[in-house]
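Chemist: With the input below, show me the fold.
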Amino acid sequence: MNKKINFLTFHLFTFSLFFACQSKTEVQPVSQPTDTLVVKPANNSSQQQAMNYSTASKGKIEAVREIPVFSRLAEQIVMFGIEKTGQHVKKGQVVARLSDAALREKILHSRAKLEKAEFQYQAILMGQGYKHDHLDAAPENIKQLARTNSGYNEAKAELHELQHQLSYCIITAPVSGAVSQIKNTLYGAALPGEALFYIVDTEHLKVTFDVLENELAKYQMGASLSVSTVAYPSEQHSATVSAISPVIDGNGMVHIEATLAPHPHLMPGMTAFITIVNNNI
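Modeler: Here you go, the predicted structure:
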């Protein structure tokens, strides 16, 4: 009898010990509050920019016009204010001067010719019976005939033309912009019809790009665009669609141009990324 009781007591103790151990393993520790701030990683700017570029059309910024600066006279350049490509000039700025020595000599001879013709004019009128101090009393048709016969009109026109040519010795910039393609230099020979240099009109820029045919409906004339560049990716510039090609090329692309407002950071040749602006938002 005692053996049975002892056996039962042993098993009961063993069972209790097992249950206690099992209970300990199921108890989870209570989380304690901490002062640690969990910071979410910020979006990588370069990845974000790449994402933006992937959804934009790629294009080029171009100048609306590149203007050649010519000389109207065949003379030597005695002052050349253009030093390097990219130099900025303003409209009306003196950029070159030509030698005017030969032209001034011609003007002196032309003035002498005019004085001789004027004397001949007066002689003709006096031969018609008009006094020297009353030549204005002659009828207009008589005076016109006398000016023609004396060569006065021709001499006066020649002098006026030479004086006008004298102004061509000073060459000014026709527009504001940046210098490109320098073709001449100081003491070089300026020739009519040959450009001294070119000026890129940086005040009138456009962005050109191609879009797929199925996206053409988004780009109507006058549509607003947002333009960014590789050099200044954080800057957004507004543009307006100004031209759409009437032809779709063999790759199903349509060529589009948009006018850009001038900005110091925008230059012809820049790679641009263009997105359509939804005005309904």
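Chemist: Is residue 186 part of a helix or strand, or is it coil?
Modeler: coil (DSSP: H, G, I helix; E, B strand; the rest coil).
Chemist: okay, now the closest residue to residue 186 other than its chain neighbours: neighbour count?
Modeler: Of all residues not flanking residue 186 in the chain, residue 80 sits nearest, at 4.1 Å (Cβ to Cβ, 6 or more residues apart in numbering). Glycine gets a C-beta too; all of them are placed from N, C-alpha and C. By other Cβ atoms under 10 Å, the residues close to residue 80 number 19.
Chemist: Against residue 263, how distant is residue 80?
Modeler: Going from residue 80 to residue 263 by Cβ to Cβ, to the nearest Å gives 30 Å.
Chemist: same check, this time on residue 133
Modeler: Distance from residue 133 to residue 263, by Cβ to Cβ: 69 Å.
Chemist: More neighbours: these two, which one.
Modeler: A direct count of neighbours by other Cβ under 10 Å for residue 133 and residue 263 places residue 263 higher, at 14 against 7.
Chemist: pLDDT wise, what is the closest residue to that one other than its chain neighbours at?
Modeler: Here the nearest residue to residue 263 in space, its sequence neighbours aside, is residue 237; by Cβ to Cβ, 6+ apart that works out to 6.1 Å. The score at residue 237 is 96. That number is its pLDDT.
Chemist: what pairs with residue 237 across the strands?
Modeler: residue 227 (DSSP bridges).
Chemist: distance of it from residue 273?
Modeler: From residue 237 to residue 273 the distance is 11 Å (Cβ to Cβ).
Chemist: okay, and the common contacts of these two?
Modeler: When contacts are counted by Cβ atoms under 8 Å, 6 or more residues apart in numbering, the set common to residue 237 and residue 273 consists of 227-228.
Chemist: List the contacts of stretch 92-107.
Modeler: Outside stretch 92-107, the residues that touch it by Cβ under 8 Å, 6+ apart are 69, 71, 73, 75-82, 89, 159, 162-163, 165-166, 168-173, 190, 196-197.
Chemist: of those residues, buried ones?
Modeler: 69, 71, 73, 75, 77, 80, 82, 89, 159, 162, 165-166, 168-169, 171, 173, 190, 196-197 (16 or more other Cβ atoms under 10 Å).
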